[in-house]
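Fold the following for me, if possible:
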Amino acid sequence: MESTARRIAEDLLSIRAVFFRPDEPFTWASGIKSPVYCDNRLILTAPDVRTEVETALMQTIRREYPDAEVLMGTSTAGIAHAAITAHLLELPMGYVRSGAKDHGRKNQIEGKLLPGQKVVVVEDLISKGYLDGSKALVYAAGQDDIAEFAKGEAGFMPGGSWFVAGLDSAAPDMNYTLGGIPVEDDDSLILINAGVRVCINSSSEKKDAARKFVEFFTGLDSMNAYVASQNSFNPRTDGASTDNDVVEPAAERLSAARMVPWVDSAFDIAVVSPWADARTFTANVAGGDSVDNAVKDLNAQVENNLKLK
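This next block holds a predicted model:
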């Protein structure tokens with residue numbers, strides 16, 4: 001039986017959506033130079049191919065993400081695919097821009113998206129192997145909270161260096177900083193260790209190739225390039241530090257921080273509940289309460305959260 005991937009590839013060729021130009025490579029949006037360009041927008045103008053593609057998306061989401069609650073398309077090419085697939089799945093749908101609008105409500109995320117909802121992002125083509133930082137806002141635990149923070153409607157939010165690119169895009173003029181979680185009667189800070197783990201499957205038949213990739217990925221040049229592109233902390237002590245004005249001061253405090261492993265219990269306590277805590281704190285201060293009283297209420301709320309864990 002012919003695979004779905006092969007059928008769709010043949011469909012794209014049949015509608016002339018694939019272009020070859022080896023002598024004058026195309027420049028993709030990611031900056032990659034390629035002799036091949038795939039114009040997936042042409043799928044929308046070919047009903048039979050469109051049905052094939054959207055049905056395949058529907059089946060993939062049902063199989064891989066059966067608990068999905070909402071689909072989000074990426075602006076602009078992913079929006080149509082997300083809309084049609086969401087219709088087939090009978091799921092809510094919205095879309096995310098690369099940056100916030102400069103008029104109206106100044107939203108970056110359009111459509112109703114509740115904190116904690118399970119989201120599948122639909123993009124028409126991914127050339128870098130990952131979504132841009134601004135689009136990755138959709139994956140955060142509290143979409144409304146990020147939007148509120150970007151618009152200056154929230155006093156603080158839990159997060160990390162991975163939010164910087166998206167926030168800089170959504171609110172380029174915002175003056176904010178990264179900080180650790182302060183510890184009572186202690187000068188140190190607590191930082192959640194949420195780094196990426198690179199592992200080799202013990203049953204892999206290509207351990208040597210995998211090991212070479214890990215060595216390449218964790219090498220000095222690769223890590224320096226990663227830090228430069230992601231505004232992240234460098235896991236290598238001999239690596240270059242980020243020059244981002246927000247991340248660099250936080251990176252300098254890493255040596256004095258206590259690292260807490262990224263486990264479910266730490267996530268629940270340190271990340272999920274502060275979304276609600278941040279809203280409460282901001283609402284109290286905005287409502288006229290003193291900062292001292294708002295902090296006392298915040299401490300009481302956090303203590304209660306800890307007792308519930």
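
so who does residue 48 touch?
Contact analysis of residue 48 by C-beta atoms under 8 Å, 6 or more residues apart in numbering lists residue 11. Quick note: C-beta positions are derived from backbone N, CA and C, even for glycine.

For it, report the pLDDT, please.
pLDDT, the model's per-residue confidence, is 95 for residue 48.

just checking, next helix/strand downstream of the strand or helix carrying it?
Assessed by DSSP states H and E, residue 48 sits inside helix 47-64. Next in sequence after helix 47-64, counting helices and strands by DSSP H and E, comes strand 70-74.

Report all helices and strands that the helix or strand following that next one contacts.
As assigned by DSSP H and E, the chain's next helix or strand after strand 70-74 is helix 77-89. Secondary-structure packing of helix 77-89 (3 or more C-beta pairs under 8 Å, 6 or more residues apart in numbering; DSSP states H and E): helix 47-64, strand 70-74, strand 93-96, strand 119-122.

Residues contacting helix 77-89, please?
For helix 77-89, contacts defined as C-beta under 8 Å, 6+ apart pick out 40-41, 43-44, 50, 53-55, 57-58, 61-62, 68, 70-74, 92-93, 95, 121-125.

relative to helix 47-64, how tilted is that helix?
Using axes from the mean of the first three to the mean of the last three C-alpha atoms, to 10 degrees, the direction of helix 77-89 lies 70 degrees away from that of helix 47-64.

what inclination does helix 77-89 have with respect to strand 70-74?
Helix 77-89 runs at 160 degrees relative to strand 70-74, counting by the same axes, to 10 degrees.

Now do the contacts for residue 65.
118, 120.

Got phi/psi on residue 39?
Phi and psi for residue 39, reported as degrees, to the nearest 10, are phi -90, psi 90.

Quick one: neighbours of it, just the number.
The tally of other residues near residue 39 (other C-beta atoms under 10 Å) stands at 15.

Equivalent analysis for residue 303, please.
Around residue 303 there are 10 residues (other C-beta under 10 Å).

any idea which helix or strand carries it?
helix 291-308.

Make TSV from the helices and strands packed on helix 77-89 and add distance to residue 113 to it.
As requested, those are exported to TSV (distance: least, C-beta to C-beta, whole Å):
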stretch	distance to residue 113
helix 47-64	17
strand 70-74	6
strand 93-96	6
strand 119-122	7
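
For residue 16, give its distance to residue 240.
45 Å (C-beta to C-beta, to the nearest Å).

so how far is residue 76 from the nearest residue to residue 42 once chain neighbours are set aside?
Residue nearest to residue 42 in three dimensions, not counting chain neighbours: residue 17, with 4.2 Å by C-beta to C-beta, 6 or more residues apart in numbering. The gap separating residue 17 from residue 76 is 17 Å, by C-beta to C-beta.

the more surrounded of those two?
The neighbour count for residue 17 versus residue 76, taken as other C-beta under 10 Å, is higher for residue 17 (18 against 12).

Touching, that one and residue 43? I think so.
Yes: under the criterion of C-beta atoms under 8 Å, residue 17 is in contact with residue 43, at a separation of 6.7 Å.

per-domain residue ranges of this structure.
What automatic domain parsing lists as the domains of the chain is 1-176, 196-257.

Is residue 43 in contact with residue 56, as I believe?
No: applying C-beta under 8 Å as the test, residue 43 and residue 56 come out as separate, 11.1 Å apart.

out of the two, which sits in the more crowded spot?
Legend: neighbour count by other C-beta under 10 Å for residue 43 and residue 56, higher for residue 43 (24 against 15).

Distance of the more buried one relative to residue 51?
Separation of residue 43 from residue 51 (C-beta to C-beta) stands at 10 Å.

Then residue 216?
Here the criterion is C-beta to C-beta. By it, residue 216 lies 41 Å from residue 51.

Those two: which is more packed in?
With neighbours defined as other C-beta under 10 Å, residue 216 and residue 51 compare such that residue 51 has more, 13 against 10.

could you point out where the stretch 51-200 of the chain is predicted with low confidence?
99-102, 105-106, 114-116, 128-148, 158-159, 162, 165-166, 169-170, 180-197 (pLDDT under 70).

do the same with the stretch 201-309 of the chain
Checking the stretch 201-309 of the chain against pLDDT under 70 turns up 252-287, 302, 305-309.
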